[in-house]
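# need coordinates for the below:
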Amino acid sequence: MFYVFNVVFPVFALILIGYICGRTGKLGESASIELNRFVVWLALPAQLFHFASSSSWQTLWQPGFIAAFFLSCLAVFILVSLVSWLRNRDLVSASFSGLSASYSNTGYMGIPLCVLALGQDGLAPAIISTFIVFVMFAIATVLIEVGIQSHKKSHEIVWSVLKSLCTNPLLLAPVAGLLWSSTDLVLYDPLAQVISFLAVAATPCALVSIGLFLMQKEKPVLKQAWGISFAKLIIQPLVAWLIAGPILDLPALWVSAVVMLAALPTGTGPFMLAQYYNADGRTISRVVLLSTIGSLLTLSLFLWWSKGV
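Numbering: from 1, shown residues only. Just a heads-up that it's a prediction; the model follows:
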C-alpha cells in the first residue's frame, strides 16, 4: 500500500497545487493555456524523444507481453469509443474517451512502480508498455483527424490526416527518438542536456495544468468520467490478465507486469492532446484525477494479490 501511495501521491499533489494556485489567484486565467502550450510544443516532445532515443530494440522485443498489453489497450479503447460514439455520434469525442480509458500513466508511474514491485526485471515491461501507449496515442490521433475532416472528400481527408500527423510534435518526437536510437550515434552533450531539462518539466507542468483546469467552473461531467475510470482501472487489467495468463500462459513476472501496467491510472497524454486540438478537456481532466485517486485502492489490491509487496 505504501509503495503505491508513494508513487500516486506526487501526481495528486501536483494537481492539487495547480488547483490551489488557480483558486487563490497565484496563477491567472491564461496560465493553464500557456502552460499547456509549453508542454505540448516543448516539454512533452522532449520527454518522448529522450525516452525513445535511450531504449534498445533488443531488450524490448517480447511478443507475448506486447500482444497482451496492446490487445488489452485496444479492447478497452474500442469498447469505450463505441459506447461514446453511440451516445453522441461524435468520432472526435469518442476517440478522446477511448484514449482516456486505455492510456496508462506508464512513464511517470509505471516505471517506478514496476521496479518497486518486481525489481530491475520490471523495467523492461514498463518501457515496452510506454511504446505501446505511444501507438494508442497515434491511433487516437488518426481517428480524431478523420473526425475533424469528415466534411471533406476522401482524398482530402487522407491528405489532411497525413499532413497533421507529420506536423504533430507528440508523434514526431518518439519516432525521431526511435530512429536516433537505431543509429548508435551519441547526441551532442549540451543538446542532450537541454532535452533532458525540458523532459523533466513535462510531467509536473502537465499535472499543475490539470489542476488549473479543474478549478474552472464548468458543468459537471462526473458520470462519464466515472465510467471511463472504471474501464481503465477494472476492465483493462482484467482483459490483460485474461490474455497474458489463461490464453498466452506467460511467465509469472510478465503476467504481474502486464496487469499492473494495465491497472495504472490515465496519464496526462489525452488531456495534452485535447489541448492541442482545442477540444473540451473537462471529462479527461476528471478521469485523470479520479483514476489516480482510485488507483490507490486498485493497485494496492493487485499488489497484495500478486504478493508484490
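# switch to C-alpha atoms for all contacts and neighbour counts from now on
Will do.
# all helices for the stretch 201-309 of the chain, in order.
Along the stretch 201-309 of the chain, the segments classed as helices by DSSP state H, counting those that start in this stretch run 222-230, 236-242, 252-262, 269-276, 282-306.
# of those helices, give the one that comes closest to Tyr188.
helix 269-276 (28.1 Å; Cα to Cα).
# can you give me the angle that closest one makes with helix 282-306?
Here the directions of helix 269-276 and helix 282-306 differ by 170 degrees (axes from the mean of the first three to the mean of the last three Cα atoms, to 10 degrees).
# buried set for helix 269-276?
Using 16 or more other Cα atoms under 10 Å as the burial criterion, the residues of helix 269-276 that qualify are Gly269, Pro270, Phe271, Met272, Leu273, Ala274, Gln275, Tyr276.
# for Leu118, find the nearest of the helices of the stretch 201-309 of the chain.
Distance to Leu118, taken as Cα to Cα, is lowest for helix 252-262 among the helices of the stretch 201-309 of the chain, at 7.4 Å.
# pull out the buried residues from that closest one.
By neighbour count on 16+ other Cα under 10 Å, the buried set for helix 252-262 is Trp254, Val255, Ser256, Ala257, Val258, Val259, Met260, Leu261, Ala262.
# how about the first one: what's its closest non-neighbour residue?
Excluding the flanking residues, the one nearest Trp254 by Cα to Cα, 6 or more residues apart in numbering is Phe65, at 6.6 Å.
# report the angle between the strand or helix carrying that neighbour and helix 252-262.
Assessed by DSSP states H and E, Phe65 sits inside helix 63-88. Between helix 63-88 and helix 252-262, the angle comes out at 20 degrees (the same axes, to 10 degrees).
# going forward, begin numbering at 49 instead of 1
Okay, residue one is now 49; in that scheme the one you just asked about reads as helix 111-136.
# quick one: pLDDT of the residue nearest to Trp302?
You'll see Phe113 listed with a pLDDT of 92.
# for Leu235, grab phi and psi.
Here is the backbone geometry of Leu235 (degrees, to the nearest 10): phi -70, psi 140.
# identify the residues contacting it.
Under the criterion of Cα atoms under 8 Å, 6 or more residues apart in numbering, Leu235 has no contact partners.
# pLDDT score for it?
pLDDT, Leu235: 85.
# before we move on, back to that, ok, now which ones touch the residue nearest to Trp302?
The contact partners of Phe113, by Cα under 8 Å, 6+ apart, come to Pro173, Ala292, Leu298, Trp302, Val303, Val306.
# right, and out of these, which lies closest to Thr251?
Out of these, the member with the shortest distance to Thr251 (by Cα to Cα) is Pro173, at 20.7 Å.
# against which helices or strands is the helix or strand following the helix holding Phe113 packed?
Moving toward the C-terminus from helix 111-136, the next helix or strand (DSSP H and E) is helix 139-150. Judged by 3 or more Cα pairs under 8 Å, 6 or more residues apart in numbering; DSSP states H and E, the packing partners of helix 139-150 are helix 111-136, helix 171-196, helix 270-278, helix 317-324, helix 330-354.
# after helix 139-150, which helix or strand is next?
Using DSSP H and E, the helix or strand that follows helix 139-150 in sequence is helix 159-166.
# pull out the buried residues from that following helix.
Neighbour-count burial for helix 159-166, with 16+ other Cα under 10 Å as criterion, is recorded at Ile159, Pro160, Leu161, Cys162, Val163, Leu164, Ala165, Leu166.
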